[in-house]
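[1] Got a sequence here, can you model it:
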Amino acid sequence: MSFKNARIRRSHAKPAFFGLALACLASSPTLAQGERTGGDPSFATFTPYDDAIDHTIDYSLWDEAMRNLVISMGPSLRETAGSPPPSFGTRRQYGHTSRYRLEGTRIMFSFLDADVIESFGEYRRDLEETADKVDIQSLSRNEQLAYWINLHNVAMIEQIAENWPVRQPRELEVNGVPIDDARFIMVEGIALSPRDIRERIVYANWRNPKVMYGFWRGEIGGPSIQREAYNADNISRLLDKSARDFVNSLRGTQKQGNTLQVSELFEEAAPYYFPNFEADLRAHLTEYADEDTQALLEATSDVEANVKEYDIADLAGGLREPTYQNIQDASGTQRSFRIPQSMTALLAQREQKFQRIIREGRTGTVTFSNIDLPGDPDDKGEVE
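    Take a look at the predicted model:
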């Protein structure tokens, strides 16, 4: 499988779901523009233009990759996953032990061969070169946002894949610098780190906090990576989906006594989106909270950002296990697939969870997206 050439495609029909002439957004009430970009004037070049051109970027190759490499663990049941049994024949614990291991999505890093891993770097460089063919900041705001999120996530997957096995992605370094701050991404001649893309470009120029759910950190404790690439048409829907998944999960919100415990990622984004941390965050969480999470909000009086889980969001737990099991396909034919015992156990737990969801009638999500109704504004699908 190879993922090359992020193609620029000119659209001859005006998109129905977002406008093409939007003013740049106002600064945060607590941060001036210079502060939002870390005081570095070079990042001002990525400020979206007032007038957008009618171009799109084709992410079909990355879309294919995500559908093949990402597996969903299903919605959170707000229950801690118990301790898994030790691997057969050893006291060492392989695989995932996280209490959040049945939440979110996973990437199958342990199954990737050298050609696929190499193609991630090629695709990242193709995305970088796309910015040499068209000014990213001249595209519609949704196109820009999709570009930055996809580039960030491609770069993270590339580095983790090249260095796997690794237990915690934040331990990775690129040229001696921690991965989140390593400037190994080059756009328009400016070296960027994953943190730069999140904070100095996107957080600095988009005022809707749901953008934070698009960025994949490689960790179980962060927002899920989606099983499709972001694009201008689906980005609002996918960000809402990711926000609901995270807010209504144990890795997003919990209750301890009178305290609402939330992910530390909310505190990281606070200077941009939650300046009055508790009040602003509660208002944001309410927007996506289901019935159970709303009950947590109403039953707590304090907020503490102390929820975290740094283990890798893969199927193998970032380790190569020496014990394997052969599996059969649906016809019962014996195949040569060798699956680590801990992964087999994890997938069995996942299946049991899905069966419970079906038994309890928790299935079914109706999403209305990109439906034009009389009187709708032209930019109703725009992420501000």
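[2] what sits against Q352?
    Contacts of Q352 were listed using Cβ atoms under 8 Å, 6 or more residues apart in numbering, and none were found. C-beta: built from backbone N, CA, C; applies to glycine.
[3] where's it, which helix or strand?
    Using DSSP states H and E, the element containing Q352 is helix 341-359.
[4] right, and F184 touches A155 too?
    Yes. Using Cβ atoms under 8 Å, F184 is in contact with A155, at 7.2 Å.
[5] Which helix runs longest in this protein?
    As assigned by DSSP state H, the longest helix anywhere in the chain is helix 141-163.
[6] helices or strands next to it in the packing?
    Counting contacts by 3 or more Cβ pairs under 8 Å, 6 or more residues apart in numbering; DSSP states H and E, helix 141-163 packs against strand 55-58, helix 114-133, strand 185-187, helix 194-195, helix 235-247.
[7] hang on, the earlier thing: which neighbours do F184 and A155 share?
    Between them, F184 and A155 share no contacting residue, judged by Cβ under 8 Å, 6+ apart.
[8] Can you pick out the residue with more neighbours from the two?
    A155 (25 against 16; other Cβ atoms under 10 Å).
[9] can you pull the contacts of that one?
    R124, F184, I185, P194.
[10] was I right about the last one contacting I179?
    If I follow you right, that is P194. Yes. The pair P194 / I179 is scored as a contact, 6.9 Å apart, by Cβ under 8 Å.
[11] which residues does L260 contact?
    Counting by Cβ under 8 Å, 6+ apart, L260 has contacts T253, Q254, R282, L296, L297, T300, D302, V303, E304.
[12] which SS class is H284?
    helix (DSSP: H, G, I helix; E, B strand; the rest coil).
[13] thinking again about what came up before, pull out the buried positions in the helix holding Q352.
    Q341, S342, M343, T344, A345, L346, L347, Q349, R350, K353, F354 (16 or more other Cβ atoms under 10 Å).
[14] I'd like the distance between the residue nearest the centre of the chain and D63.
    Geometric centre of the chain, nearest residue: W216, 3.3 Å, by Cα atoms, centre = their mean. Distance of W216 to D63, computed by Cβ to Cβ, to the nearest Å: 15 Å.
[15] so what's the residue nearest to the centre of the chain closest to, chain neighbours aside?
    I225 (4.1 Å; Cβ to Cβ, 6 or more residues apart in numbering).
[16] Any regions of the stretch 151-300 of the chain where pLDDT drops low?
    For the stretch 151-300 of the chain, no stretch is flagged by pLDDT under 70.
[17] Would you mark the buried spots in stretch 158-177?
    E158, Q159, I160, A161, E162, N163, W164, V166, P169, L172, V174.
[18] circling back: tally of neighbours for the residue nearest to W216?
    Counted with other Cβ under 10 Å, the neighbours of I225 add up to 24.
[19] same check, this time on the one 4 residues further on
    When counting by other Cβ under 10 Å, one arrives at 25 neighbours for A229.
[20] about what we covered before: okay if I get the helices and strands packed on helix 141-163 as CSV plus distance to Y288 and mean neighbour count?
    Formatted as CSV, the helices and strands packed on helix 141-163 follow (distance: least, Cβ to Cβ, whole Å; neighbours: other Cβ atoms under 10 Å):
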stretch, distance to Y288, mean neighbour count
strand 55-58, 28, 18
helix 114-133, 29, 17
strand 185-187, 30, 20
helix 194-195, 24, 22
helix 235-247, 4, 22
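[21] Would you format the ones you listed as CSV with distance to S42 included?
    Output for the helices and strands packed on helix 141-163, formatted as CSV (distance: least, Cβ to Cβ, whole Å):
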stretch, distance to S42
strand 55-58, 23
helix 114-133, 14
strand 185-187, 11
helix 194-195, 15
helix 235-247, 26
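[22] which one of the ones you listed lies closest to R99?
    helix 235-247 (15.8 Å; Cβ to Cβ).
[23] How far off centre is that closest one?
    With Cα atoms, centre = their mean, to the nearest Å as the basis, helix 235-247 stands 9 Å off its chain's centre.
[24] any idea what the residue lying closest to I190 once chain neighbours are set aside is structurally, helix, strand or coil?
    Nearest residue to I190 in three dimensions, chain neighbours excluded: S42, at 5.5 Å (Cβ to Cβ, 6+ apart). Classification of S42 using three-state DSSP returns helix.
[25] What score does S42 have for pLDDT?
    What the model reports for S42 is a pLDDT of 88.
[26] Relative to K133, how far out is H55?
    10 Å.
[27] now do D290
    In terms of Cβ to Cβ, D290 sits 43 Å off from K133.
[28] repeat for V174
    For V174, the distance to K133 equals 26 Å [Cβ to Cβ].
[29] same check, this time on E173
    If you go by Cβ to Cβ, the gap between E173 and K133 works out to 31 Å.
[30] Which element, helix or strand, includes N306?
    Assigned by DSSP H and E, N306 falls in strand 302-307.
[31] which residues of the stretch 1-150 of the chain fall in helices?
    Per DSSP state H, counting those that start in this stretch, the stretch 1-150 of the chain carries helices over the ranges 33-36, 60-69, 114-133, 141-163.
[32] shouldn't G252 be in contact with F246?
    Yes. G252 sits in contact with F246 when judged by Cβ under 8 Å, with a separation of 4.3 Å.
[33] Pull up the overlap in contacts between the two.
    With Cβ under 8 Å, 6+ apart, G252 and F246 have common neighbours S263.
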